[in-house]
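Undergrad: Model the structure of this input:
(chains A, B, C and D)
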Number of protein chains: 2
Amino acid sequence: MGVRERRARQKRYLRQEILDAASELFVREGFENVSMRRIADKIEYSPTTIYLYFKDKAELLEQVCAEAFSRLVQRLTKIDEQPGEPLEKMQRGLLAYIQFGLENPHHYRATFMMPIPEGMREEKLQQADSPGMQAFDFLRRCVYDGIAAGKLKVKDPELASQTVWAGIHGVTSLLITHEKFPWVGREKVAKSMVETLIDGLGGARA
Amino acid sequence: MGVRERRARQKRYLRQEILDAASELFVREGFENVSMRRIADKIEYSPTTIYLYFKDKAELLEQVCAEAFSRLVQRLTKIDEQPGEPLEKMQRGLLAYIQFGLENPHHYRATFMMPIPEGMREEKLQQADSPGMQAFDFLRRCVYDGIAAGKLKVKDPELASQTVWAGIHGVTSLLITHEKFPWVGREKVAKSMVETLIDGLGGARA
DNA sequence: ACATTTACTTAACAGTGTTAACTATACGCC
DNA sequence: GGCGTATAGTTAACACTGTTAAGTAAATGT
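TA: Purely as a prediction, here's the structure:
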């Protein structure tokens, strides 16, 4: 009677194989060069097979990104669990966020820098469980914790969170798209942004 | 003997007409929906005619963006010429930059948020006269002026400039791509970022 | 053993950027 | 005025893209 299960397992397996193939093409060749046909070639199936497992290209790449971002969320929760001053945790978290973006430029681009195809703007990102939003939530918790500990002096915590997000997104995205710009140093700019944000929000750093 | 000139004038005219058509499609329909054929339809020429005036689609859209960004540079120089405290000028400039991005999301996206097609990364953006770089130069001058006036306390002015750029780029790009995110308020976040950056860089604001 | 569901493929549509080859017109010159 | 040439624009085609509809073959349930 395990037939049904075996079939389901095989389906899951192929689905994952598609995801893996897409992910590898994604990181190697970049977003624009991932075509359904190329993914299909890689797994040696016909292009249309993919549509039996994913609604369309957008959904497939969304899943690929979700996988990647869940790794970021893992890192962030690990940082959160470790002991330390709220502001120091925040600093480490923000740097981890930026570092993740730089290590996974294509995934970061796809989730945060691509135009959302008109109509699912509300649904997709506002879902609190979307990996992008989980990352933002971590960051927001950092701000709230900093305020609770009296280490951050801001009137509007939500505004502060969004400002911080915008800040670290700024470095990340700019370093990604303008790789060849004469940066004073990638890590340097990242660190400078994090410090500037915390200082600017009245942070009492060590 | 003005024949040659008349012909040249006609060429310039058609070139501008292509630019205008592309620009209009650009702002109305967005980047991804501007196709060479659609531009051609609009000006009632064959698609290939465009290639007599522009090397390829990238160059055409680059010119479109250059036109738009020159307007930003105009605004910024106007701000620069007006009297006022360095930090206040800076604040107005940064807000103008953000506002420009929000008013011209597609142009901003094309110049600062698109992957640069591998090979012309150095040439294109590093050219000091590119409109993107002119805008950045303004911003950098603001930082240097702020330091010179003793209103900004930073060790590395270049690092500070890049941090500021990343910051305002962050708000701008995030507000563009995630329009439907429950922002605490678009202008509010923009203002908060500008203030946070200046404060974070040891700015002595009024 | 037969009918049905399942998994997958082939063929096709409508679109993309771009190139090569062709055509018609306007020009300079004798 | 007529002729050859440069100029400006066109048509047709290539090699792609995402996606859908229709068809096929094998595994399954009865």
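Undergrad: name the element the residue nearest to A:Val64 when sequence neighbours are not counted belongs to?
TA: Counting by C-beta to C-beta, 6 or more residues apart in numbering or on different chains, A:Val64 lies nearest to A:Ser23, which is 4.8 Å off, once chain neighbours are set aside. C-beta coordinates here come from the backbone N, C-alpha and C atoms, glycine included. Following DSSP states H and E, one finds A:Ser23 within helix A:3-29.
Undergrad: still on that earlier bit, kindly tell me how buried the residue nearest to A:Val64 is, as a neighbour count.
TA: Residues near A:Ser23, counting by other C-beta atoms under 10 Å in any protein chain shown, number 21.
Undergrad: residues contacting it?
TA: Counting by C-beta atoms under 8 Å, 6 or more residues apart in numbering or on different chains, A:Ser23 touches A:64, A:67-68.
Undergrad: So for A:Asn104, what's the pLDDT?
TA: In this model, A:Asn104 is scored at 96, pLDDT.
Undergrad: swap in A:Glu118?
TA: 63.
Undergrad: and the helix or strand encompassing A:Gly146 with chain B, contact?
TA: Element membership of A:Gly146, judged by DSSP H and E, is helix A:131-148. No: shown here: helix A:131-148 not in contact with chain B (C-beta under 8 Å from any C-beta of the partner chain), separated by at least 9.0 Å.
Undergrad: Kindly indicate the member of the contacts of A:Ser23 with the most neighbours.
TA: With neighbours taken as other C-beta under 10 Å, the top of the contacts of A:Ser23 is A:Val64, carrying 26 neighbours.
Undergrad: Would you agree that residue is in contact with A:His107?
TA: Yes: counting by C-beta atoms under 8 Å, A:Val64 touches A:His107, with 7.1 Å between them.
Undergrad: Would you point out which residue of chain A is nearest DNA strand C?
TA: Nearest residue of chain A to DNA strand C (C-beta to the nearest atom of the strand) works out as A:Ser46 at 3.2 Å.
Undergrad: Next, count neighbours for that residue.
TA: By the criterion of other C-beta under 10 Å, A:Ser46 has 11 neighbours.
Undergrad: contacting residues around the residue nearest the centre of chain A?
TA: When C-alpha atoms, centre = their mean is applied to chain A, the residue found nearest the centroid is A:Phe69 (4.3 Å). When contacts are counted by C-beta under 8 Å, 6+ apart, A:Phe69 is found next to A:107, A:111, A:131-132, A:134-135.
Undergrad: Please name the nearest non-neighbouring residue to A:His107.
TA: Residue nearest to A:His107 in three dimensions, not counting chain neighbours: A:Ala68, with 4.1 Å by C-beta to C-beta, 6+ apart.
Undergrad: go on, A:Ala149?
TA: Using C-beta to C-beta, 6+ apart, the closest residue to A:Ala149 is A:Pro86 (4.6 Å).
Undergrad: how about that neighbour, what does it touch?
TA: Taking C-beta under 8 Å, 6+ apart as the criterion, A:Pro86 is in contact with A:142, A:145-146, A:148-149, A:151-152.
Undergrad: buried residues in stretch A:66-79?
TA: Buried positions in stretch A:66-79, judged by neighbour count with 16 or more other C-beta atoms under 10 Å in any protein chain shown: A:66-69, A:72-73, A:75-76, A:79.
Undergrad: what about the helices in chain A?
TA: With helices called from DSSP state H, chain A shows them at A:3-29, A:36-43, A:57-81, A:86-103, A:105-108, A:121-126, A:131-148, A:157-177, A:186-200.
Undergrad: Compare the ones you listed and say which comes out lowest on pLDDT.
TA: helix A:121-126 (a mean of 52).
Undergrad: ok, the one residue in chain A that gets nearest to chain B - how many residues close by?
TA: In chain A, the residue found nearest to chain B is A:Gly170; the distance is 2.3 Å by C-beta to the nearest C-beta. For A:Gly170, the number of neighbouring residues by other C-beta under 10 Å comes to 28.
Undergrad: what do you get for A:Arg28?
TA: A count of neighbours around A:Arg28, defined by other C-beta under 10 Å, yields 10.
Undergrad: my guess is A:Asn104 meets A:Phe26, correct?
TA: No: checked against C-beta under 8 Å, the pair A:Asn104 and A:Phe26 is beyond contact range at 9.3 Å.
Undergrad: Same drill for these two, tell me which one is more crowded.
TA: When neighbours are counted by other C-beta under 10 Å, A:Asn104 and A:Phe26 differ, and A:Phe26 comes out ahead with 23 against 20.
Undergrad: quick one: that one and A:Leu60, what's the gap?
TA: Separation of A:Phe26 from A:Leu60 (C-beta to C-beta, to the nearest Å) stands at 10 Å.
Undergrad: and if you look at A:Ala135?
TA: The value you get for A:Ala135 to A:Leu60, if C-beta to C-beta is used, is 21 Å.
Undergrad: ok, now which ones touch the closest residue to A:Gly200 other than its chain neighbours?
TA: Closest residue to A:Gly200 apart from its sequence neighbours, by C-beta to C-beta, 6+ apart: B:Gly200 at 3.0 Å. Shown in contact with B:Gly200 (C-beta under 8 Å, 6+ apart): A:195-201.
Undergrad: Which of these sits closest to B:Ala8?
TA: A:Thr196 (50.9 Å; C-beta to C-beta).
Undergrad: Tell me, how many residues neighbour that closest one?
TA: Applying other C-beta under 10 Å, we find 25 residues neighbouring A:Thr196.
Undergrad: And the one 3 residues further on, by the same measure?
TA: Burial measure for A:Asp199: 17 neighbouring residues, criterion other C-beta under 10 Å.
Undergrad: any idea how far it lies from A:Arg186?
TA: Relative to A:Arg186, and taking C-beta to C-beta, A:Asp199 is found at 20 Å.
Undergrad: Get me the contact residues on chain A for DNA strand D.
TA: Listed as neighbours of DNA strand D in chain A under the rule C-beta under 7 Å from any atom of the strand: A:3-4, A:6-7, A:34-38, A:47-48, A:51, A:56-58.
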